[in-house]
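>>> what follows is a protein structure lacking sequence information:
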């Protein structure tokens, strides 16, 4: 049985998580992590979202992610 469709609201914050098998890291190095962040940056233009934080940090060099349009 598939899950119900998500209802989207403008400016609503959605939690998206990714974790490796048995809680292992999903990136081998910072270059791989940066590659994913680059992909998210390009996708944010097309799908209109912002990354609020990556990992469990709120560092200034990690932009916010928020859905901008329902």
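That came in fine, so what should we check first? Since we're looking at a predicted model, the values are computed, not measured.
>>> how about low-confidence regions in the protein?
Within the chain, the segments meeting pLDDT under 70 span 52-70.
>>> cutoff 80 now
Counting by pLDDT under 80, the chain has low-confidence residues at 1, 3, 6, 8, 10-19, 23, 47-70.
>>> ranges for the strands of it?
49-51, 65-67 (DSSP state E).
>>> strands paired with the first one, and their directions?
To tie it back to what came earlier, the one meant is strand 49-51. Applying DSSP bridges to the sheet, strand 49-51 is found paired with strand 65-67 (antiparallel).
>>> and residue 3, how many neighbours?
5 (other CB atoms under 10 Å). For the C-beta atoms, the positions are set from N, CA and C on the backbone; glycine is no exception.
>>> what about residue 45, distance to residue 1?
34 Å (CB to CB, to the nearest Å).
>>> neighbour-wise, which of the two wins?
residue 45 (8 against 3).
>>> how close does that one sit to residue 7?
24 Å.
>>> likewise residue 29?
Taken as CB to CB, the span from residue 29 to residue 7 is 38 Å.
>>> what about stretch 13-29, distance to the chain center?
10 Å (CA atoms, centre = their mean, to the nearest Å).
>>> gap between the two ends of it?
28 Å (CA to CA, to the nearest Å).
>>> residues of it that come out buried?
Of the residues in stretch 13-29, none count as buried by neighbour count, 16 or more other CB atoms under 10 Å.
>>> and stretch 39-48, by the same measure?
40, 44.
>>> give me the number of residues near residue 31?
Neighbour tally, residue 31, other CB under 10 Å: 8.
>>> make 822 the starting number, not 1.
Got it, first residue is 822 now, which makes that one residue 852.
>>> how near is it to residue 828?
From residue 852 to residue 828 the distance is 37 Å (CB to CB).
>>> cool, residue 822 as well?
18 Å.
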